[in-house]
Each structure stands twice: as C-alpha cells, then as structure tokens.
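# Quick one, what's the 3D model for this:
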Amino acid sequence: MHNLPKLFFKLPSIVLYVTVCPLFFLVFSLCYEPFGIMDFMDMEYGYSTLNILICFCIILVVMVGARTAFYFMRNLDRFTWAHYIVWCMGECLVISLFLSLYLKLMYGGTYPYFNVLGKCMVYTYAILIYPYIILTLAYDVSAHREKAKMKLEAATDNSLIRFYDQFGKLKLIIAQTAVLFISAEENYVNINYLDAGKPKRYVLRASMRSLEETVERHGMVRCQRSYFVNPDHVTVLRKDKDGAVFAELDQNGIPNIPVSKRYLDKLSERL
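Numbering: from 1, shown residues only. The predicted structure is shown next:
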C-alpha cells in the first residue's frame, strides 16, 4: 500500500483536523440531534447543551494530543494509508473512552460503564466520520495535484532538482549532477553539492521522507536511513575492519558516506 502523502503531516493540515472535527461534532449534535444524543446528554436535568459543550472540549483535547503525536510520525520510512486508517479509528476510540468516563461519572452509576461506552462509540464514529472523510479526500486531491505539478516540473527540466521546505516553499534549485549527498539532522536535511567546483552545504527544513520521491526520481539513491547519495560521484565502496560499508566520493574533503546492508545491493547496482 502507498505511503500517506506528506501533506497530511504538515502543521496547517493538522491544525485543521484539530479544529474542524470537534466543531463539527458540536454543531452537528446541537442542530440535528443524531441517535437521540440530546436525550442521552440531558440526564433529566436539562444538561444536554452543557454536556455537549464539555464533550466538545474533551474531543478537542484528545485531538490535540493525538495529532501532535501524529506530527512526529512524519519522519517514518513507511506510514501507509492502512496505518492512517487505523490511527483515525484509534483516535475515535480514545475519544469514546474519555467521553464515556465523563458521562459515567455524571450519571452517577445509573448506567453500566460499557453501556455508556457503546453509546459514546456510536456518537463518536457516526458523527466524526463525516469530517474525517471530507478532510481526507480534500488533502488527497491536493496531494495528487502537488505530485502532478512536481512531475510536470521534472518533465520540463529533468536536470534540475527543486527542493521544497516543509511548508511547500521552493528554497533551492540545483543541477542533479552537482548534488553529492543529502544527510538528515533532526528536523533538517543537509544538501551537499558543488558550486563552481567547490563543496557547499544548504540546510533545508524538511524531512528525508518528504524529499525521497523527488531525489530518487533524479537518480539519487538512499544508502542509509539518514543519507541519500548521488551514485555518479561514488568512486568505490569500502568495508572497514568492523564490517561497516562506506561510499567514497570523488571530491576531496568529503567524508565517507555510511551504507547500510539494507541499501547496499541497490547502490551497488547503480555503480
């Protein structure tokens, strides 16, 4: 299954999920009263609106925590659509657990916990499925448009690599032949390249995963989790006394690039 588009991990996307989903639950519940939710929240004392508002706050807090954790998944080598579906279902389950805990306490033991949990799961999954589907489809369409744009740019001039930061802003355009290697450093990547025959480095705020499709399309090869290397500049692969493999480049002063066993065969085929 294909990896989830990087657009889903961007901060604006996450902020939109965090705000839209709780607001949709609030407005939809108050306006349409699905599945008798207002009667269940009323508790015979006219507390339905108040309890809906508190549920809105609970959903908001859970979404903030869940999507913050989701943001830190952005650098994983693989985060597929299947993973994302499970993640969204897990978010709804956690929301249901907290809602049922609150309502159980408010009802003071009138209903068994699992009866309350069952109702909360119905409310949560049945209502939040709408914003989840709408936002997911919207971002998927945007991701496909962005991908098509990048392919068009590549077709226009395949010799140039365009590097975008995590916000989608174009930061660097450089010839494919000039790039030596790319390395990761926390939330940044270091693009090492030649300028007038001299090695230089450009620090870009982006993840290795977000660059993977672009640089591989231009001939770069992943040689280790934190490294891409241009095989055109690799002169030889050497193994040290401990068995670790390193790629030597054709430029003086450039450190040897580590090559993991996972990517050794792929790099060797390109040399």
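
# Report the separation between residue 206 and residue 40.
Between residue 206 and residue 40 the distance is 47 Å, computed by Cβ to Cβ, to the nearest Å. For every residue, glycine as well, the C-beta is placed using N, CA and C.

# and those two? which has more neighbours close in?
Remark: of residue 206 and residue 40, residue 206 carries more neighbours, 23 against 19, as counted by other Cβ atoms under 10 Å.

# What helix or strand is the more buried one located in?
Counting by DSSP states H and E, there is no helix or strand that carries residue 206.

# wait, doesn't it sit right on residue 163?
Yes - applying Cβ atoms under 8 Å, one finds residue 206 in contact with residue 163, separated by 7.4 Å.

# Where does pLDDT dip in the stretch 1-150 of the chain?
In the predicted model, the stretch 1-150 of the chain carries pLDDT under 70 at residues 1, 44, 109, 150.

# can you give me the helices in it?
Taking DSSP state H, counting those that start in this stretch to define them, one finds helices in the stretch 1-150 of the chain at 11-32, 37-42, 48-71, 81-107, 113-156.

# Now do the longest one: distance to the chain's middle.
Computed by Cα atoms, centre = their mean, to the nearest Å, the chain-centroid distance of helix 113-156 equals 13 Å.

# quick one, that helix and helix 81-107 angle?
Using axes from the mean of the first three to the mean of the last three Cα atoms, to 10 degrees, one finds that helix 113-156 and helix 81-107 are set 150 degrees apart in direction.

# follow-up on the earlier one: could you redo the helices of the stretch 1-150 of the chain as a markdown table and give each row distance to residue 229?
Output for the helices of the stretch 1-150 of the chain, formatted as a markdown table (distance: least, Cβ to Cβ, whole Å):
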| stretch | distance to residue 229 |
| --- | --- |
| helix 11-32 | 30 |
| helix 37-42 | 57 |
| helix 48-71 | 28 |
| helix 81-107 | 28 |
| helix 113-156 | 20 |
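
# Out of these, flag the one nearest residue 241.
helix 81-107 (39.6 Å; Cβ to Cβ).

# So which elements touch that closest one?
Judged by 3 or more Cβ pairs under 8 Å, 6 or more residues apart in numbering; DSSP states H and E, helix 81-107 is in contact with helix 48-71, helix 113-156.
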